[in-house]
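>>> compute the structure for the input listed below.
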Amino acid sequence: MKLGVQLGYWGAQPPHGTAELVAAAESAGFDSLFTAEAWGSDAYTPLAWWGASTTTMRLGTSVLQMSARTPTACAMAALTLDHLSGGRHMVGLGVSGPQVVEGWYGQPFAKPLARTREYIDIMRQVWAREAPVTNSGEHYPLPLDGERATGLGKPLKPITHPLRRDIPILLGAEGPKNVALAAEIADGWLPLFFTPRMADTYHSWLDEGFARPGARRSRADFEICATARIVITDDRPAALAALKPNIALYMGGMGSEDTNFHAEVYRRMGYSDLVDEVTALFRSGRKDEAALVIPDDVVDDGAIVGNVDHVREQIALWEKAGVTTMLVSPGSPEEVRQLAALVE
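Got it, this is the predicted structure:
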C-alpha cells in the first residue's frame, strides 16, 4: 500500500509549513500529493504551486467540484498540469451537493450520475484528440443549442496536444450507485469516510460496476485512495476528542438538514440515531454539544488513533480491506517520516 499526502482545502487563511511537508513527503517516498476545494481556495492552484517543487509524486485532486468548471475547462486544466508535471497528474472529481452546486456555483444539481457520465466522456474526448469534441447529452451539450445559443458554435479539438490521451480519473463517491459508477467508468475511487468494517459492502458496490459491459477496470487494477485520519499518540482520549468537532461538522452541519450526503455515509455505517442527535444539536447552534455526544467508538470506526503498534496494525487492516493508497494529513515533517516508516 502507498501513502499520499492530503493538503485538503484552506480554512480562513492559507496553512503554514506546506513547503516543508511536501518536501518531507517526497523525500520519504510518498506516492502522491492531493489538494481539495470547497467554497474558498481552489484545488488546481495549490496543486500546481506545490507540485512544482516535486519530481516523483503523482499530483491529484481530491476532489474537483464538477460544477465549478465545464468539462472542457477541466480537461484543459488537467492536460496542462499533466504536461507541466511530466505525466504525473490524476483528476479526482465529485458532484458535491445541491447546497454548494446551486448556492455557490449557480448550477443545477439534478441527475448527478448522468452528469458525471457526460462530464467524463467529454474530458476523455478532449484528451484523445481524435475528432472535434461533441456531446448530445442534456447536461453539457456541445456545441450549445436551443434558445440560449447563437447557432454559431463549432466543435473544436484542443490546440495543445495532450501528453497522455488517458489521464487517470478517480471519483469521490459516497453512495452505492455512485461507487458502482466509479468502478464502471473511472480508474479509481476516493472514499472520504472509509471503515475496514464495511469492506465487503464496498466491494459489492464496486463489483456491480466492474461487471457492467464496457467497464474500464477490474479490481486488480482499480485504485482506492482513501482519506485516513491517523494520529500517532499515547494519549488516545485527547486525540479522539480532538477529531469529534470535525466529524460533527460533516455528520450534522454539511448540506441541508434533510440532504447531507456525508450524514448518509454514517447512516449506512449504522449510526442513524446518532446522526439525528448530532444534526439536531449542530443546527440549533450547539456545536460543542454535538461533538461531545459522538462516542469514541464512532471515531475509531473511521480513524486510526493510538501508539505506533496500534497504528501499524490498523494500517494493515485498511490494506487488507482493499485500500491501495492512504491519503493522510500529517502535521509536521516528523509525522511524515513516522508514517512512511509504518508502511515500508
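>>> identify the residues contacting stretch 29-47?
With contact meaning Cβ atoms under 8 Å, 6 or more residues apart in numbering, stretch 29-47 is reached by 2-11, 14, 18, 22, 25, 50-51, 54, 57-65, 68, 77, 81, 90, 92, 100, 104, 225, 325, 327, 336, 340. Any C-beta I mention is one placed from the backbone N, CA and C, and that applies to glycine too.
>>> what sits against R115?
66, 95, 139-140.
>>> from these, which two are the most distant?
Greatest spatial distance in the contacts of R115: V95 and Y140, 13.3 Å, computed using Cβ to Cβ.
>>> and the helices in the stretch 201-344 of the chain?
Along the stretch 201-344 of the chain, counting by DSSP state H, counting those that start in this stretch, helices occupy 236-248, 261-268, 272-283, 287-292, 296-302, 308-320, 333-342.
>>> longest helix of the chain?
Criterion DSSP state H: the longest helix present in the chain is helix 112-128.
>>> chain center to whichever helix or strand comes after that helix, what's the gap?
Next along the chain after helix 112-128, taking DSSP states H and E as the criterion, comes strand 169-171. A distance of 8 Å separates the centroid of the chain from that of strand 169-171, by Cα atoms, centre = their mean, to the nearest Å.
>>> direction included, what does strand 169-171 pair against?
strand 89-94 (parallel), strand 188-189 (parallel) (DSSP bridges).
>>> mean pLDDT added to those, as CSV?
Shown next, in CSV, are the strands paired with strand 169-171 (pLDDT from 0 to 100):
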stretch, mean pLDDT
strand 89-94, 98
strand 188-189, 98
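>>> adding mean neighbour count and distance to V275, write the ones you listed out as CSV.
CSV is the format used below for the strands paired with strand 169-171 (neighbours: other Cβ atoms under 10 Å; distance: least, Cβ to Cβ, whole Å):
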stretch, mean neighbour count, distance to V275
strand 89-94, 25, 21
strand 188-189, 24, 23
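>>> reformat the contacts of R115 as JSON lines; add pLDDT.
Listed next are those as JSON lines, based on pLDDT from 0 to 100:
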{"residue": "M66", "pLDDT": "98"}
{"residue": "V95", "pLDDT": "96"}
{"residue": "H139", "pLDDT": "96"}
{"residue": "Y140", "pLDDT": "97"}
